[in-house]
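Peer 1: Fold the following, please.
(chains A and B)
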Amino acid sequence: MKGLDARLLAAHEAGDKSALVTLYQQAAKEAETEDAAGFFLVHAYVFALESGHRDAPALRRRLVALKREE
Amino acid sequence: MANDLSPTDLSAVRRPLPQAQGLPNAHYTDPAVFEEEKHALLFSQWAGLAVGADVPQPGDAKPISFLGVPLLLLRDKQGQVRVFQNICRHRGMILVEEPRKIEGAIRCPYHSWCYSTEGRLVSTPHVGGPGQNLHPGIDRSTLGLIEVRSHIWRDVVFVNISGEAPDFEVMHADLIARWAEFEQPLFHGGADSRFELAVKTNWKLAVENYCESYHLPWVHPGLNSYSRLEDHYHIEQPGAYSGQGTLVYRQLTGDDGQTFPDFKGLGEKWNEGAEYVSLFPNVLFAVQRDHCYAILLEPRGLDETVEHIHIYYPSADTDPALRRKNTELWKGVFIEDIGVVEGMQRGRHAPGFDGGRFSPAMDGPTHLFHDWVAAQVEAARARSA
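Peer 2: Numbers count the residues shown, from 1 in each chain, chains lettered A, B, ... in the order given. Here you go, the predicted structure:
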């Protein structure tokens, strides 16, 4: 997770939305609890939504299935 | 409201033209009157804010501060131009700071609430706690962006901030009908056909100067050689607009004799006719056989106005060199006006100036505007009494 943290910080610094979508999905995958995964998925979804990323619809479906989004 | 906090006396302005006086000095120099007029003349009316060409592509967004109100001009994903208050419904944070393309959604930079380009609130991250975007207390359908009433005519985006004005097409039916022949596609000339002039004057003086032809031989002597005072006529529609027309419009020609194409199907009147109208409150229009323009007056303060000039053609394909020549020609004319509108502004600090006396023959369009201002201010005072 340490390397991932650094890459996330760098992506935030660079305003690289596409990288943020990818990295937050990776963080969700590596999370140890469902709540932690949900937190990261929300971030992936928000940056996907903002940037019109192709993953936005799928991320929304995942969050809706988890009752975290409508 | 004059400096003694009593309302200005507008009775002399409302007299018939031969006996009327102009607006009192306070309407150009008093911050309290500026505030009063902001509501009565600009927020309550259909004020020109921008042009559609400012946001040419779907997703284009441009923040605009209009008399301190933060607005967001946006072309949504369907291509419709909309105006929103540029704030998040959560904490009132400014949403968009610089002109840019909205690729997907508008994300608030504070807590990341997200809005569609149509203004719908589409996500509320962590609103129900970490990782939970839902909460029973948050009804997204009631928390969309606040849309400002807007209407586009001749590519100008008009806004009615108060939301209470009659429909634009009802309010300005007369001018729409007068220029019905020009209801055809307009093509903004692009970067070489837009410019701004910052002027140290109250915005109303720019309106007043534009709507009369009396000053032309003195301030624009270059026009005198072919467009004399007697070749002009007044345009007067009480309550809506005033201006001037010419009977001797001459097309611009390039070095090789080329001209711009004409708008299609115009009547004979327009072969050598052209009209220049101040549409109240703050948009100055021109129609001519081969190009049109709009000047949006942005009131930045009591004695600070920015003129945004946009020139349009009947075709997307016009000669760039001729376009540039045309822009330079108009810029020169408008710069010639700066000295007088700034001089009149400074003149209004003379305590002995009583609003001035109008020429009964030549100042009808100016008095018509003053009378409109007085009527709107009096109506606003009556509403708040």
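
Peer 1: Name the next helix or strand downstream of the helix or strand containing residue B:345, please.
Peer 2: Taking DSSP states H and E as the criterion, the element that holds residue B:345 is helix B:320-347. Remark: after helix B:320-347, the chain's next helix or strand is helix B:364-384, criterion DSSP H and E.

Peer 1: What is that next one packed up against?
Peer 2: Secondary-structure packing of helix B:364-384 (3 or more Cβ pairs under 8 Å, 6 or more residues apart in numbering or on different chains; DSSP states H and E): helix B:31-37, helix B:203-210, strand B:232-237, strand B:241-246. From N, CA and C alone the C-beta is placed, and that goes for glycine too.

Peer 1: mind checking how far stretch A:33-49 is from the chain centre?
Peer 2: Mean-position distance between stretch A:33-49 and its chain equals 4 Å (Cα atoms, centre = their mean, to the nearest Å).

Peer 1: now stretch B:148-160
Peer 2: 10 Å.

Peer 1: Check stretch B:35-45 too.
Peer 2: Relative to the mean C-alpha coordinate of its chain, stretch B:35-45 is positioned 13 Å out (Cα atoms, centre = their mean).

Peer 1: Flag every buried residue along that stretch.
Peer 2: Buried residues in stretch B:35-45, counted by 16 or more other Cβ atoms under 10 Å in any protein chain shown: B:36, B:37, B:38, B:39, B:40, B:41, B:42, B:43, B:44, B:45.

Peer 1: Over to stretch A:5-20?
Peer 2: A:7, A:8, A:11, A:16, A:17, A:19, A:20.

Peer 1: Show me the domain layout of chain B.
Peer 2: B:17-46+B:175-384, B:53-153 (automatic domain parsing).

Peer 1: Need those domains in CSV (columns: mean pLDDT).
Peer 2: Listed next are the domains of chain B as CSV, based on pLDDT from 0 to 100:
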stretch, mean pLDDT
domain B:17-46+B:175-384, 96
domain B:53-153, 98
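
Peer 1: Kindly present these as CSV, with separate columns for distance to residue A:30.
Peer 2: Supplementary listing: the domains of chain B in CSV, determined by distance: least, Cβ to Cβ, whole Å:
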stretch, distance to residue A:30
domain B:17-46+B:175-384, 49
domain B:53-153, 15
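
Peer 1: ok, residue B:146 touching residue B:84?
Peer 2: Yes. Applying Cβ atoms under 8 Å, one finds residue B:146 in contact with residue B:84, separated by 6.3 Å.

Peer 1: Neighbour count for those two, which is higher?
Peer 2: Between residue B:146 and residue B:84, counting by other Cβ atoms under 10 Å in any protein chain shown, residue B:84 is the more crowded of the two (24 against 12).

Peer 1: strand partners of whichever strand or helix holds that one, parallel vs antiparallel please.
Peer 2: According to DSSP H and E, residue B:84 maps onto strand B:81-85. Sheet pairing here is set by DSSP bridges, and for strand B:81-85 it gives strand B:69-75 (antiparallel), strand B:147-153 (antiparallel).

Peer 1: closest to residue B:159 out of those?
Peer 2: Minimum separation from residue B:159 across the strands paired with strand B:81-85 (Cβ to Cβ) falls at strand B:147-153, 5.1 Å.

Peer 1: so where is chain A shaky, pLDDT-wise?
Peer 2: The model of chain A has pLDDT under 70 over residues A:1.

Peer 1: Beyond the biggest helix by length in it, next helix or strand please.
Peer 2: In chain A, assigned by DSSP state H, the helix with the most residues is helix A:34-51. Once helix A:34-51 ends, the next helix or strand along the chain (criterion: DSSP H and E) is helix A:56-65.

Peer 1: So that following helix, near chain B or not?
Peer 2: Yes. In this structure, helix A:56-65 sits against chain B according to Cβ under 8 Å from any Cβ of the partner chain; the contacting residues are A:56, A:63.

Peer 1: What residues sit buried inside that helix?
Peer 2: Neighbour-count burial for helix A:56-65 [16+ other Cβ under 10 Å]: A:56, A:59, A:60, A:62, A:63.

Peer 1: before we move on, back to that, now do the strand holding residue B:84: everything it contacts.
Peer 2: Applying Cβ atoms under 8 Å, 6 or more residues apart in numbering or on different chains, the set of residues contacting strand B:81-85 from outside is B:49, B:52, B:55, B:69-76, B:117-119, B:145-148, B:150, B:152, B:157, B:159.

Peer 1: So what's the gap between whatever helix or strand comes next after it and the chain middle?
Peer 2: Once the chain leaves strand B:81-85, the next helix or strand it forms, by DSSP H and E, is strand B:100-101. Using Cα atoms, centre = their mean, the distance from the centre of strand B:100-101 to the centre of the chain it belongs to is 23 Å.

Peer 1: need the contact list for the nearest residue to residue B:34 once chain neighbours are set aside.
Peer 2: Nearest residue to residue B:34, sequence neighbours excluded (Cβ to Cβ, 6 or more residues apart in numbering or on different chains): residue B:302, at 4.7 Å. When contacts are counted by Cβ under 8 Å, 6+ apart, residue B:302 is found next to B:28, B:29, B:30, B:31, B:34, B:202.

Peer 1: how far away is residue B:302 from chain A?
Peer 2: Between residue B:302 and chain A the computed distance is 40 Å (Cβ to the nearest Cβ, to the nearest Å).

Peer 1: now do residue B:320
Peer 2: From residue B:320 to chain A the distance is 34 Å (Cβ to the nearest Cβ).

Peer 1: The residue nearest to that residue when sequence neighbours are not counted: neighbour count?
Peer 2: The spatially closest residue to residue B:320, leaving aside those adjacent along the chain, is residue B:192, at 6.7 Å (Cβ to Cβ, 6+ apart). Here the count is done by other Cβ under 10 Å, and residue B:192 has 15 residues near it.

Peer 1: Near chain B, which residues of chain A? Just list them.
Peer 2: Of all the residues in chain A, those lying near chain B are A:35-39, A:41-43, A:45-46, A:48-53, A:56, A:63, A:67-70, going by Cβ under 8 Å from any Cβ.

Peer 1: now do 7 Å
Peer 2: A:35, A:38-39, A:42, A:45-46, A:49-53, A:56, A:63, A:68-70 (Cβ under 7 Å from any Cβ of the partner chain).

Peer 1: who wins for neighbours among those?
Peer 2: That'd be residue A:45 among the residues of chain A next to chain B, by other Cβ under 10 Å, with 30 neighbours.

Peer 1: who touches that one in this structure?
Peer 2: Taking Cβ atoms under 7 Å, 6 or more residues apart in numbering or on different chains, we find residue A:45 in contact with A:56, A:59, A:60, A:63, B:123.

Peer 1: try 10 Å this time
Peer 2: The contact partners of residue A:45, taken as Cβ atoms under 10 Å, 6 or more residues apart in numbering or on different chains, are A:21, A:24-25, A:28, A:53, A:55-63, A:68-69, B:114, B:123, B:125, B:133.

Peer 1: Report the spatially nearest residue to the residue most central in space within chain A, omitting neighbours in sequence.
Peer 2: Averaging the C-alpha coordinates of chain A gives a centre point, and the residue nearest to it by Cα atoms, centre = their mean is residue A:44 (2.1 Å). Nearest in space to residue A:44, with sequence neighbours left out and distances taken as Cβ to Cβ, 6+ apart, is residue A:24 at 3.6 Å.
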